[in-house]
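S.K.: build me a model from this:
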Amino acid sequence: MPFLDIFTDYSALDYVSDIVDILVVWFVIYKLIMLIKGTKAVQLLKGIFVIIIVRGLSSIFGLDTLGWMMQQALTWGFLAIIIIFQPELRRALEQLGRGRLFSRSGMQEDEEQERIIESMTKAVSYMAKRRIGALLTLERETGMSDYIETGIPLDSKISSELLINIFIPNTPLHDGAVIVQKNQIAAAACYLPLSESPFISKELGTRHRAALGVSEVTDSITIVVSEETGAISITKNGELYRDLTLDRFKEILTNELVGERSNTSSVKWNWRGKK
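M.R.: As a prediction, this is how the structure comes out:
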């Protein structure tokens, strides 16, 4: 049978090659989605899907004029995307160039993360004792370039002294969020989206709502120090974990930033833990 001949012509190597090909394509698509998640490009993709759906429906129902318009939008739209999103495409290529193939060894990366954790712990301890309000977001897989652009660019090495000085009241950068990207303070005084959840306690202020809001649209970890009580909180995946002790705060950061690559911690940190 001709249909069966198609399979007999395939060798085991061909099957393996096809499987690898499909997996690589899916991996590239996944990385692209994670790269643009939380940026303006997400809305662009939604618009493209709408145009494709309208184009298909116009063909089904014989709406020739509408179909022609949608086809022109698709034909010339990709050229417009390259022009409009030139900065985002440039950043994407830069991130690709800074990828795993060109990154430092895992041990060096862990040492740098541990230094950052120590700096953050020292800064948070200082601010919590003196009830200095703070909002600090750590970028992970999901891009946060849109939020970084709303603040004042710093591109500075992380240190406890710099973090403390940023959040000192009545200074130019204290109002807003600090965003950490690629182990550096990318920007300060950034605006984050406020959570619209009706289940947030009324005693929580704008900082906690912003921390929850950004955790609902990205996979970032956000640290909050309350100006009223000095309480330390962390948000992740749309959940708020309040009143953390300093030891627990440091352990959570270590598990999230270092433990995910290290085999020294075999048990995943229990976020809910003790209050």
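
S.K.: my guess is Ile51 meets Gln72, correct?
M.R.: No. Using CB atoms under 8 Å, Ile51 makes no contact with Gln72, being 10.2 Å away. Bear in mind the C-beta positions are built from the backbone N, C-alpha and C, glycine included.

S.K.: who has more neighbours, the two?
M.R.: Ile51 (16 against 10; other CB atoms under 10 Å).

S.K.: give the contact list for the more buried one.
M.R.: Under the criterion of CB atoms under 8 Å, 6 or more residues apart in numbering, the neighbours of Ile51 are Met70, Ala73, Leu74, Gly77.

S.K.: who touches the helix or strand harbouring the last one?
M.R.: This means Gly77. Take DSSP states H and E as the rule and Gly77 turns out to sit in helix 64-84. When contacts are defined by CB under 8 Å, 6+ apart, helix 64-84 is touched by residues Leu44, Ile48, Ile51, Ile52, Val54, Arg55, Ser58, Ser59, Leu89.

S.K.: from those, which ones fall inside strands?
M.R.: Among the contacts of helix 64-84, no member falls in strands (criterion: DSSP state E).

S.K.: ranges for the strands of the protein?
M.R.: Assigned by DSSP E, the strands in the chain fall at 134-138, 152-157, 177-181, 184-190, 221-225, 232-236, 239-241.

S.K.: for the first one, packing partners?
M.R.: The contact analysis (3 or more CB pairs under 8 Å, 6 or more residues apart in numbering; DSSP states H and E) places strand 134-138 against helix 106-129, helix 160-167, strand 177-181, helix 206-217, strand 221-225.

S.K.: do the last one as well
M.R.: When contacts are defined as 3+ CB pairs under 8 Å, 6+ apart, strand 239-241 sits against helix 206-217, strand 232-236.

S.K.: next one: the third one
M.R.: Counting contacts by 3+ CB pairs under 8 Å, 6+ apart, strand 177-181 is packed against strand 134-138, helix 145-148, helix 160-167, strand 184-190.

S.K.: what about it, distance to the chain center?
M.R.: Its chain's C-alpha centre and that of strand 177-181 lie 11 Å apart, by CA atoms, centre = their mean, to the nearest Å.

S.K.: within its sheet, name the partner strands of it and how each one runs.
M.R.: According to DSSP bridges, strand 177-181 forms sheet pairs with strand 134-138 (parallel), strand 184-190 (antiparallel).

S.K.: between the helices and strands packed on strand 239-241, which gets nearest to Pro153?
M.R.: helix 206-217 (18.3 Å; CB to CB).

S.K.: relative orientation of that closest one and strand 134-138 in degrees?
M.R.: Angle of helix 206-217 versus strand 134-138, following axes from the mean of the first three to the mean of the last three CA atoms, to 10 degrees, is 10 degrees.

S.K.: how about the CA coordinates for helix 206-217, as CSV?
M.R.: Extracted in CSV, the C-alpha atoms of helix 206-217 (Å, rounded to 0.1, in the frame of the first residue of the first chain):
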residue,chain,number,x,y,z
THR,A,206,-0.2,50.6,47.6
ARG,A,207,3.1,48.8,47.9
HIS,A,208,1.5,45.5,48.7
ARG,A,209,-1.1,45.9,45.9
ALA,A,210,1.7,46.7,43.4
ALA,A,211,3.7,43.7,44.6
LEU,A,212,0.7,41.4,44.1
GLY,A,213,-0.2,43.0,40.8
VAL,A,214,3.2,42.4,39.2
SER,A,215,3.3,38.8,40.6
GLU,A,216,0.0,38.1,38.8
VAL,A,217,1.3,39.0,35.4
